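*Asks:* fold the following and give me the result.
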Amino acid sequence: MNIDKLKSTIGKRGGIAKANRFKVMFTPPQQSLLNIDPGAIFTSVISGDGINLKSLINDPRDISMLCDSASIPGRQFSTDEVTMNKQTVKMPYGFIDEDISMTFLLTNDMYMKKMFDDWSESIIDDDKYILGYKADYTTDVVIQQLNADNKVVYGAKLEGAFPITIAPIEYSNDADGISKLTVTFAYDKYKLEGAIGSALSGIGSALEIL
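*Replies:* You can find the predicted model right below:
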């Protein structure tokens with residue numbers, strides 16, 4: 001192999017996939033189009049910030065913009081050792097899909113943190129310790145790989161996803177520090193999708209809020 005052949009191969013495949021070209025789309029269960037939080041509105045008014053009408057609209061694209069990192073899940077096959085013709089080989093009998101983690105940027109209204117607080121409350125009620133119905137606290141999460149033109153080239157849909165770990169928020173005296181929130185998701189299964197299928201799944205996920 002030489003550099004020209006490598007460049008030719010990469011070129012005919014559309015270039016190298018960039019890790020920072022991705023999109024995450026999902027609509028949290030029970031989230032409505034309007035974000036009416038009386039406490040937040042009252043706090044904004046008395047602090048002199050006024051009411052930002054744009055913040056009252058839950059735009060599914062906000063989640064994608066605030067997602068700082070994500071991953072498409074891997075898969076581990078479960079195997080048993082079987083002896084065949086005096087040789088022991090591994091035979092698969094099932095698979096385990098890995099949980100995935102995402103990191104989100106936190107804004108001054110703590111939008112993502114409050115969203116996951118509400119989501120966790122729908123899983124188990126903090127006061128009554130009552131477990132919610134699975135259909136009410138799960139959603140589909142779409143993760144897409146984009147090309148240099150921001151077109152979808154590959155994707156994965158996590159079916160029946162919900163957060164299982166909402167990590168602590170770390171603070172420090174670093175003047176340039178940015179607050180982030182890391183969330184780990186479990187899911188029933190994931191479905192790999194091509195460009196068209198993933199694009200349609202992303203649209204469907206966004207429309208769930210309407």
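
*Asks:* may I ask which helix or strand of the protein has the lowest mean pLDDT?
*Replies:* Ranked by mean pLDDT, DSSP states H and E, the weakest helix or strand in the chain is helix 38-46, scoring a mean of 52.

*Asks:* may I have the helix or strand following that helix as CSV, with CA atoms only?
*Replies:* Note on helix 38-46: by DSSP states H and E, the next helix or strand toward the C-terminus is helix 60-66. Only the C-alpha atoms of helix 60-66 are listed here, as CSV (Å, rounded to 0.1, in the frame of the first residue of the first chain):
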residue,chain,number,x,y,z
PRO,A,60,-36.3,18.8,19.5
ARG,A,61,-33.4,20.3,17.7
ASP,A,62,-32.2,21.8,21.1
ILE,A,63,-31.3,18.4,22.4
SER,A,64,-29.2,17.7,19.3
MET,A,65,-27.4,21.0,19.6
LEU,A,66,-26.6,20.5,23.3
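
*Asks:* tell me which residues of helix 60-66 come out buried.
*Replies:* Neighbour-count burial for helix 60-66 flags P60, D62, I63, S64, L66 (criterion: 16 or more other CB atoms under 10 Å). Yep, even glycine has a C-beta here, placed from its N, CA and C like the rest.

*Asks:* hang on, isn't the first one packed against V24?
*Replies:* No. Contact criterion CB atoms under 8 Å: P60 and V24 do not qualify, at 10.2 Å.

*Asks:* ok, the nearest residue to G197 once chain neighbours are set aside - contacts?
*Replies:* Setting aside the residues directly before and after it, G197 is nearest to G155 in space (CB to CB, 6 or more residues apart in numbering), at 7.2 Å. Applying CB atoms under 8 Å, 6 or more residues apart in numbering, we find G155 in contact with 142-145, 192-195, 197-199, 201-202.

*Asks:* out of the buried residues of helix 60-66, which one has the weakest pLDDT?
*Replies:* Least confident of the buried residues of helix 60-66 in the model: P60, at 72.
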